[in-house]
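> Predicted coordinates and the sequence they were generated for:
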Amino acid sequence: MSVTDLPLVTMLRNRMQWQQSRQKVLAENVANADTPNFRSRDLKAPRFMADGSVAAGLGGVGVERTSAMHLAGSGPARPSAERTGTRFEVMPSGNAVSLEDEMMKAGDNQADYQLAASLYQKSLQMLRLAVGK
């Protein structure tokens, strides 16, 4: 069994890769702040399986009607991954990017990445200590 096959190490590595991708999307939002009719985007946070891998294609848990007497659910079937609202006024060009929100997200994402990288490094150091190197 390889060190990289451990669930904790796999989860941390996948989390850091997601945060790198999210940073790219946030940077694109900032870069297109003056583009007419551009809408800001964000990535959904990954969900992890017990083995540390990313759960692919898993939507929310749906409710199944097993009887015609049951009430049908209301509301959207799947939440949108794209943010639709903003706390600030839309620019005259129709652009809905808020630089303040994007920079706050980028700062939070950077702090989360640094935490995951630190945990990754500490877990590898702990494994080296356990092996005796």
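Good, I have the coordinates.

> May I ask you to confirm that Met11 is in contact with Pro46?
No. Here Met11 does not reach Pro46: they are 9.1 Å apart, not a contact under C-beta atoms under 8 Å. Where C-beta positions appear, they are placed from N, C-alpha and C, glycine not excepted.

> Which one of these two is surrounded by more residues?
Comparing Met11 with Pro46 by other C-beta atoms under 10 Å, the one with more neighbours is Met11, at 21 against 17.

> That one: which element?
Taking DSSP states H and E as the definition, Met11 sits inside helix 7-31.

> next structured bit after that helix?
Next along the chain from helix 7-31, counting by DSSP H and E, comes helix 99-131.

> where in the chain is pLDDT low?
Counting by pLDDT under 70, the chain contains low-confidence residues at 1, 4, 51-54, 56-65, 70-94.

> Could you rerun that using 50?
Low-confidence segments of the chain (pLDDT under 50): 58-62, 76-88, 90.

> ok, now which ones touch Pro46?
Going by C-beta atoms under 8 Å, 6 or more residues apart in numbering, Pro46 touches 14-15, 18, 54-55.

> Most neighbours among those, please name it.
Ranking the contacts of Pro46 using other C-beta under 10 Å puts Arg15 first, with 22 neighbours.

> Return the list of helices and strands in contact with the helix holding Met11.
Secondary-structure packing of helix 7-31 (3 or more C-beta pairs under 8 Å, 6 or more residues apart in numbering; DSSP states H and E): helix 99-131.

> Against which helices or strands is the helix it packs on packed?
Counting contacts by 3+ C-beta pairs under 8 Å, 6+ apart, helix 99-131 is packed against helix 7-31.

> buried set for the helix it packs on?
9-12, 14-16, 18-19, 22-23, 25-26, 29 (16 or more other C-beta atoms under 10 Å).

> Arg128 versus Lys122, what's the distance?
Lys122 is 11 Å from Arg128, where distance means C-beta to C-beta, to the nearest Å.

> what do you get for Leu119?
15 Å.

> More neighbours: which of the two?
Each of Leu119 and Arg128 has its neighbours counted (other C-beta under 10 Å); Leu119 has more, 16 against 11.
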